[in-house]
Structures are given as structure tokens and as C-alpha cells.
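Undergrad: the sequence and its predicted three-dimensional model are supplied below.
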Amino acid sequence: MDENDGIEFYSDFLLKKAEENKLTQDERGRLVTDFVIAGFDSSAVITSYAFLMLAMFPEYQEALYQEQVDILGENLDESLKWEHLSQMTYLSRVIKEVMRLYCPLAILRQLSKNVKLDEEYTLPKGSTAYLMFYSLHRDPKYWSHPQEFYPDHFLPEEVAKRPKGTYLPFSWGPRSCPGAQLATITMKTLISVAIRKYKFETDMKYENLEHKYSLFLESNQGYIVQIKERT
């Protein structure tokens with residue numbers, strides 16, 4: 001084995017692929033910038049919202065904590081393994097609901113062919129289309145509590161009622177987010193470890209949240225929680 005063999009950073013992998021595909025320096029820069037934003041900033045925003053939502057809704061926080069105890073026991077030093085994460089269905093529902101409400105607002109794509117919307121409208125090849133995740137994820141046709149934080153939106157029976165393409169936190173298709181699984185595992189691990197050791201409280205109210213519109217729907221008031229060690 002070569003002494004340089006081993007695990008490489010995902011950013012190194014992207015740069016290697018960029019060289020193989022003969023991308024320009026500018027294109028490589030955009031690729032790495034996209035990776036940094038998608039891999040770090042997005043996970044940080046979603047995780048911050050997750051802790052804030054759990055602090056605002058203690059009944060959901062308690063249900064999540066109970067799931068942790070059921071799977072891992074009350075030993076805080078119990079090592080977290082992949083099989084544990086795969087059993088944490090309630091945690092998955094919490095994260096998915098946070099991403100429903102606070103994922104990127106929209107993406108744009110240049111159409112490679114004509115796209116027929118209905119009998120009257122067709123988007124021509126070469127045009128730029130915006131897909132508004134914000135509207136899609138809050139459409140009352142698909143969500144029973146569209147403006148609320150409601151993890152039961154992702155119960156299996158609720159998911160089965162919705163058509164495909166109504167929930168797209170990482171986009172969809174061949175150009176969907178390549179770091180989706182990594183981001184999800186990272187968020188699940190962080191929240192699992194934290195919720196087992198600490199309680200989260202806040203004086204902020206969900207109905208009073210104000211947002212600023214950037215890549216994500218960020219909180220104008222920040223993500224202010226009080227952290228108390230569990231006893």
C-alpha cells in the first residue's frame with residue numbers, strides 16, 4: 001500500500017474529479033464554494049433550528065429523549081453506532097420537519113429541453129426555471145399542518161399519501177445534493193448526543209419568529225436556547 005493511501009477529504013475528491021473533467025479554475029472554485037456552503041452552513045442552520053424547535057416544543061423534545069433512552073439506555077457513555085442511528089425514526093421525523101420548514105428557499109435550473117406544464121403552458125429549452133421549495137413545502141394540498149412544526153408529517157402513513165416530488169430538501173434527480181446522506185448522519189449524531197445529555201429551553205415563541213431571506217430562511221432573532229444538564 002502506498003504511504004499516501006487512506007481516507008481523503010470530500011473536497012479533495014471533488015478537486016480530483018474537476019481535474020479529470022478539465023474544469024477551469026473558476027469552475028473549480030465554484031465547486032468548492034458550493035461544497036462548503038452545502039456541507040457546513042446548511043447543516044449548521046438546520047441543526048440550530050432543530051434545537052430551537054425542540055426547546056419551543058418540550059413535548060417533542062421529551063418524545064425524542066425517550067426514543068434515545070429506548071435505543072441506547074441511560075448510559076451517557078454508550079457509543080453511538082450506525083445501527084442505533086437507523087433505529088431513530090422519531091429523530092428522523094424531527095429533522096425532516098425542520099428541513100421542510102427551513103431548507104433552501106429555491107433553486108434554479110436551465111432547461112435542457114422543452115417542459116410542458118399543462119395544455120396551455122410550455123417552458124422552452126434554454127430558459128431558467130425556479131423551483132420554490134418554500135411554497136412546495138407549505139402547500140396545504142400536501143401538508144396537514146403546513147405552517148406548523150409537526151414531525152408527524154413524516155409518519156409512514158402520511159408520507160404514503162403525498163405524491164413524489166412534494167418534499168425536496170436536497171433537490172431531486174441527478175443534480176441533487178451529493179452530501180445529503182453525510183449531512184443527515186451528521187445532524188442525527190449531533191442531536192442524539194446532545195439531547196441525551198442536555199435539556200433545551202427557550203423564551204422564544206414559534207408564532208413570533210421573524211425571518212430573513214438568504215439562501216435559507218434564517219431567524220432574525222437568532223437561535224437562543226438555554227442548555228441544562230440532565231440529572
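TA: In hand now; what should we look at?

Undergrad: since we're on Thr89, how many residues are nearby?
TA: Neighbours of Thr89 under the rule other CB atoms under 10 Å: 13. C-beta coordinates here come from the backbone N, C-alpha and C atoms, glycine included.

Undergrad: ok, the residue nearest to it when sequence neighbours are not counted - contacts?
TA: Nearest residue to Thr89, sequence neighbours excluded (CB to CB, 6 or more residues apart in numbering): Glu67, at 7.6 Å. Residues counted as contacts of Glu67 (CB atoms under 8 Å, 6 or more residues apart in numbering) are Met88, Thr89, Tyr90, Leu91.

Undergrad: 10 Å instead?
TA: Contacts for Glu67 (CB atoms under 10 Å, 6 or more residues apart in numbering) come out as Gln87, Met88, Thr89, Tyr90, Leu91, Arg93, Val94, Ser192, Ile195.

Undergrad: correct me, but the first one touches Asp70?
TA: Yes: with contact defined as CB atoms under 10 Å, Gln87 counts as touching Asp70 (8.7 Å).

Undergrad: give me the phi and psi for Thr47.
TA: Main-chain torsions, Thr47, degrees, to the nearest 10: phi -70, psi -40.

Undergrad: correction: Lys199
TA: Dihedral angles for Lys199 - degrees, to the nearest 10 - are phi -100, psi 150.

Undergrad: for this structure, what are the low-confidence residue spans?
TA: 1-23, 27-41, 106, 171-180, 214-215 (pLDDT under 70).

Undergrad: for it, just list every one of the helices.
TA: 10-20, 25-36, 42-56, 58-72, 82-87, 89-102, 133-136, 156-161, 180-197 (DSSP state H).

Undergrad: any chance of the contacts of Glu67 in JSON lines, plus distance to Arg162?
TA: Below are the contacts of Glu67 laid out as JSON lines (distance: CB to CB, whole Å):
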{"residue": "Gln87", "distance to Arg162": "24"}
{"residue": "Met88", "distance to Arg162": "22"}
{"residue": "Thr89", "distance to Arg162": "18"}
{"residue": "Tyr90", "distance to Arg162": "19"}
{"residue": "Leu91", "distance to Arg162": "21"}
{"residue": "Arg93", "distance to Arg162": "14"}
{"residue": "Val94", "distance to Arg162": "18"}
{"residue": "Ser192", "distance to Arg162": "27"}
{"residue": "Ile195", "distance to Arg162": "28"}
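
Undergrad: among those residues, name the buried ones.
TA: Met88, Tyr90, Leu91, Arg93, Val94, Ser192, Ile195 (16 or more other CB atoms under 10 Å).

Undergrad: isn't the second one right next to Glu59, touching?
TA: What it means is Tyr90. No: using CB under 10 Å, Tyr90 is not in contact with Glu59, being 12.0 Å away.

Undergrad: now Asn44: how far from Asp70?
TA: Actually, residue 44 is Ala. It isn't Asn. Relative to Asp70, Ala44 is positioned 28 Å away (CB to CB, to the nearest Å).

Undergrad: neighbour count winner among those two?
TA: Ala44 (14 against 11).

Undergrad: tell me the contacts of the most centrally placed residue in the chain?
TA: Nearest to the geometric centre of the chain sits Met99, at 4.4 Å (CA atoms, centre = their mean). Met99 makes contact with 42, 45-46, 49-50, 133, 137, 167-170, 183-184, 187 under the criterion CB under 10 Å, 6+ apart.
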